[in-house]
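Enquirer: Fold the following, please.
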Amino acid sequence: MRKKIILWCFCLLVLPVSEIGRATETQTEFVFQQGEAFSHYVLRAEQYLRNNKVWVNSENTSRELDAVMPFELLPDATACAGRANVGVLLSHGLSDSPFSMRDSARALQAACYQVRVILLPGHGTKAEDLLTVSRDDWRATFRYAADQFAKEVDVLYVGGFSTGGALAAEYAWQHSDLVAGAVLFSPVFKVNSGIDWLAPWLALVKDWLDHDPSDDFAKYASIPLPAIAEVYKLSKEVRHLILDNPKDLPVFIALSEDDQTVDSSVTEKVFKQGMVGAKSQMVLYSKDQMSANTDRIKFYNTNWPETKILGLSHMAVHGSPENPYYGEAGEYRVCGWHISDDALYQACRTDQANWFGEKSDALLEKSPHAARVSWNPNFHSLMQEMAFFIQANAGSNR
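Expert: So this is what the prediction gives:
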């Protein structure tokens, strides 16, 4: 962290003043259009992605396209007959794609809910497309998709992961007459950095801190500073919106106390002080706290030596162990921590007895080439709790 702080400060000092405020290339972002049918949006997305996506493997284009496409899942008509038409709109986070919501969406579908997952502008193509995207582009896509979905279902929930969670929370607070509640996975109400406030300033003079090619077809390897600045601004705005306007709207949050991407302590504060409803629930995973229950918060200890897991990462909370790509026996390991050291990187990717978790000294003591965990051994229990929460509160705000 110290090296990164020094680098950021150095960038501010040495870059020419003439670069500040420089004009950027404009582009038309792919945004959900007001009043657009979701089926039409999906067709437009496919064409847009085919024309603009940079493929990780040009021989694997069908799979890569499917991973980043927005999608809809319908409940089984026979098994779910007679139930209210409950819709759940989900959004992925920064640098991710709809693939990151696939496990949760399928669990919701199995619980008899209609699920739509959107593609945030700037995503699914190449990381450079995040250079000019704005948080208002993200907001517009979420808002228009939610507005349209609300017209088609009896009950609407909104939700998402990380940045998508912040967008969902904002929409819920601004449209509490339309939604029955929100389901949030590792929502970003503050970036986990004491110098996150520098991002908007750095974005004026520098595009990237690092810019690595991705070998992961479901997300970008690097995020440009302008996009990080937009997340900083969005999270601050949503945080203040909720803290300044406490509501009893039912909210379900799942997060890891060990999250290195978002500040979990701020999320807890937002939950306790802004999401004040008695029906709101938080599931908090922690490698240091013992499993326990309070009135609205359930703690799960995540020191699992039997599975070589120490702490859940930002991306792991809503990931299924059975996911064929990111799961326990999946084909892709998240080893970006070691990208600058090829020996460690290769060991991370191949060691069959490796440890997994969120980056910490304690984890790296167990394995110097430990990988970032990308699934939650508690996933199925979490999905049951979420589905029960939705069912119990489906009529509470209608």
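
Enquirer: neighbours around V153, how many?
Expert: The local packing of V153 (other C-beta atoms under 10 Å) involves 18 other residues. For every residue, glycine as well, the C-beta is placed using N, CA and C.

Enquirer: same deal with V86?
Expert: Here the neighbour count serves as a burial measure; for V86 (other C-beta under 10 Å) it reads 23.

Enquirer: Look up phi and psi at it.
Expert: Dihedral pair for V86: phi -100, psi 130, per degrees, to the nearest 10.

Enquirer: Which pLDDT does the model give it?
Expert: Reported pLDDT at V86 in the predicted model: 96.

Enquirer: ok, now G395?
Expert: In the prediction, the pLDDT value recorded for G395 is 65.

Enquirer: do the same with I20
Expert: Predicted confidence (pLDDT) at I20: the value is 35.

Enquirer: swap in D196?
Expert: Model confidence at D196, expressed as pLDDT, equals 72.

Enquirer: Contacts only, for it.
Expert: Contact partners of D196, counting by C-beta atoms under 8 Å, 6 or more residues apart in numbering, are K190, Y232.

Enquirer: Please apply the same query to N52.
Expert: Under the contact definition (C-beta under 8 Å, 6+ apart), the residues listed for N52 are T125, K126, D129.

Enquirer: cutoff 7 Å now
Expert: The contact partners of N52, by C-beta atoms under 7 Å, 6 or more residues apart in numbering, come to T125.

Enquirer: what about P187, which SS state?
Expert: Secondary structure for P187, judged by DSSP: H, G, I helix; E, B strand; the rest coil, is coil.

Enquirer: Name the helix or strand for the closest residue to it other than its chain neighbours, please.
Expert: Once its chain neighbours are removed from consideration, P187 has its nearest residue in G165; the separation is 2.9 Å (C-beta to C-beta, 6 or more residues apart in numbering). Per DSSP states H and E, G165 falls inside helix 163-174.

Enquirer: Can you list the buried residues in that helix?
Expert: By neighbour count, with 16 or more other C-beta atoms under 10 Å as the criterion, the buried positions of helix 163-174 are T163, G164, G165, A166, L167, A168, A169, E170, Y171, A172, W173.

Enquirer: Let me know the pLDDT of the third one.
Expert: At G165, the model reports a pLDDT of 98.

Enquirer: shouldn't it be in contact with V183?
Expert: No - taking contacts as C-beta atoms under 7 Å, G165 lies outside contact range of V183: 8.7 Å.

Enquirer: Where does the prediction get shaky in this structure?
Expert: Segments of the chain classed as low confidence (criterion: pLDDT under 70) are 1-28, 195, 395-398.

Enquirer: which residues sit against the longest helix that the chain contains?
Expert: Longest helix in the chain by number of residues (criterion: DSSP state H): helix 225-244. Residues from elsewhere that reach helix 225-244 (C-beta under 7 Å, 6+ apart): 94, 122, 130-131, 133-135, 163, 166, 169-170, 173, 188-191, 196, 199-200, 202-203, 206-209, 266, 270, 273-275.

Enquirer: Fine by me, thanks again.
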